[in-house]
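> can't give you the sequence, but here's the structure:
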């Protein structure tokens, strides 16, 4: 079936599985929840500090590294869909423009997709909004993973 084609219940088919998008949203929300670094080099045992550093946005944050790695390891088509979803979710386009936005994302694709996407602090919201615009939802995924 052609990518972007409307399938059952008015849903637009994506090249990236919905579960992957939902996992990326989940990880992006974890990253968004991080607080500013209050003590860059505490020098003590994390357990002595009640592991508070895990809640701060350090440059070597494992959540950030996991999200970047996950996006980098997606196929080109999956990366293109993610960029298109982000653009759609930030209301640069309407759901009727899916084929156009996906085509423009394909034209803009490069090797920095993960850094580009992870550089947007509202990535999770944009992806979630775009899924909703295309009649998809992460509700089932969230119920199974929370």
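That came through fine. No experiment lies behind these values; they were computed from the predicted model shown.
> what's the burial count for the closest residue to residue 76 other than its chain neighbours?
Nearest residue to residue 76 in three dimensions, chain neighbours excluded: residue 109, at 6.4 Å (CB to CB, 6 or more residues apart in numbering). All C-beta atoms are positioned from the backbone trio N, CA, C, and that covers glycine. Residue 109 has 15 neighbours, counted by other CB atoms under 10 Å.
> and the one 4 residues further on, by the same measure?
Taking other CB under 10 Å as the criterion, the count of residues near residue 113 is 21.
> what about the nearest residue to it once chain neighbours are set aside, distance to residue 96?
The shortest distance from residue 113 to any non-neighbouring residue, by CB to CB, 6+ apart, is to residue 79 (4.5 Å). Using CB to CB, to the nearest Å, residue 79 is found at 23 Å from residue 96.
> wasn't residue 30 part of a strand?
No: the assignment for residue 30, made by DSSP: H, G, I helix; E, B strand; the rest coil, is helix rather than a strand.
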